[in-house]
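Student: any chance you can model this:
(one chain, ligands or ions: 2)
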Amino acid sequence: MGKVYLPQSSEVLKAAQAETLDRPRRSYSIAARGLFASMDLIYGRQGSLRKYRVLEIVARVPYQAWENVAYVAITHTSSTPEFAREIHDRVVGTRAQQDNEQWHLLILEEMLHASGHRRTLVLDRLVPQIAAFVYYQISWLLYTMSPGWSYRLNADFEDHAEHEYMEWVRDRPELDSQPWVSVFVDDYGRHETVGDLFRSIGNDERIHKEESEEMMAAARFGDRSPK
Ligand SMILES: [Fe+2]
Ligand SMILES: [Fe+2]
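Tutor: Ligands and ions are numbered 1, 2, ... in the order given. Next comes the predicted model:
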């Protein structure tokens with residue numbers, strides 16, 4: 001079932017960051033490593049708002065792919081309402097994650113805009129759209145073959161994002177003295193500084209990862225629904 005993304009205090013977020021920095025990354029699959037290497041090649045190994053914006057565009061699509069497959073499954077299982085209901089609950093869960101990713105994306109868009117970044121056709125429009133399209137197809141295909149494979153790819157993706165954001169804040173102490181001003185405060189939750197905002201986004205990515213890890217263990221419709 002979907003988690004609620006309540007804003008956490010600065011202390012909680014700093015503790016979450018320390019945990020992430022202490023924890024090794026997951027052992028990424030070949031598909032995930034290929035995606036991360038491509039992103040590094042195109043946008044540079046260093047993190048940047050521009051690169052993270054692309055990651056957030058791509059981050060939403062597995063949830064859309066799962067939702068698509070789940071609605072088809074509901075159609076085919078509606079003669080057994082309890083089973084269909086369980087699938088619906090999964091859709092609700094993935095929708096919460098998808099919306100959460102959507103706020104990440106809009107917040108990054110807002111920051112990029114404020115920084116005066118001028119979008120280019122290839123790197124800011126075409127590449128993200130192609131990456132999202134390809135990633136959607138892979139997520140959809142894996143999910144129809146074996147849902148656990150798709151959840152594993154997403155867990156890798158989310159783990160990578162979690163570490164990227166937490167390391168980004170660690171390497172930029174000045175972010176802790178920059179106040180976060182945004183039109184999305186009421187939607188996403190209030191954070192005093194840009195440092196805490198990124199810690200919060202990193203913490204969200206960890207929640208997404210943990211949900212996918214739970215789902216890997218109960219991947220097929222009809223198996224235990226994650227709480
Ligand atoms: Fe995200
Ligand atoms: Fe995420």
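
Student: what about the residue of the chain most remote from its centre, distance to ligand 1?
Tutor: Largest separation from the mean C-alpha position in the chain: residue 79, at 33.6 Å (CA atoms, centre = their mean). For residue 79, the distance to ligand 1 (CB to the ion, to the nearest Å) stands at 37 Å. All C-beta atoms are positioned from the backbone trio N, CA, C, and that covers glycine.

Student: may I have the phi/psi pair for that residue?
Tutor: In terms of degrees, to the nearest 10, the main-chain angles of residue 79 are phi -70, psi -10.

Student: helix or strand: which one has the residue of the chain found nearest ligand 2?
Tutor: For the chain and ligand 2, the shortest gap (CB to the ion) falls at residue 208, measuring 3.7 Å. Residue 208 is part of helix 194-217 when elements are defined by DSSP states H and E.

Student: show the pLDDT at the residue nearest the centre of the chain.
Tutor: By CA atoms, centre = their mean, the mean C-alpha position of the chain lies nearest to residue 59, the distance being 4.6 Å. If you check residue 59, the pLDDT there is 93.

Student: and it, what is it in contact with?
Tutor: Contacts for residue 59 were tallied using CB atoms under 8 Å, 6 or more residues apart in numbering; they are 101, 104, 105, 157, 158, 161.

Student: same question for residue 50.
Tutor: 43, 112, 117, 123, 124.

Student: which among those residues end up buried?
Tutor: Listed as buried from these are 43, 112, 124; burial here means 16 or more other CB atoms under 10 Å.

Student: hang on, residue 116 in a helix?
Tutor: No. With DSSP: H, G, I helix; E, B strand; the rest coil as the criterion, residue 116 is coil rather than part of a helix.

Student: show the pLDDT at it.
Tutor: 93.

Student: next one: residue 66
Tutor: On pLDDT, residue 66 comes in at 92.

Student: would you mind measuring from it to residue 215?
Tutor: Distance of residue 66 to residue 215, given as CB to CB, to the nearest Å: 9 Å.

Student: leaving out chain neighbours, which residue sits closest to the residue of the chain found nearest ligand 1?
Tutor: Relative to ligand 1, the nearest point of the chain is residue 104 (3.7 Å; CB to the ion). Spatial nearest neighbour of residue 104, excluding adjacent residues (CB to CB, 6 or more residues apart in numbering): residue 56 at 4.8 Å.

Student: swap in residue 51?
Tutor: Counting by CB to CB, 6+ apart, residue 43 is the residue found nearest to residue 51 once chain neighbours are left out, at 3.9 Å.

Student: for the protein, what lies in contact range of ligand 1?
Tutor: Applying CB under 5 Å from the ion, we find that the chain lies next to ligand 1 at 56, 59, 101, 104.

Student: and the last one, which helix or strand is it part of?
Tutor: Secondary structure from DSSP H and E places residue 104 in helix 81-114.
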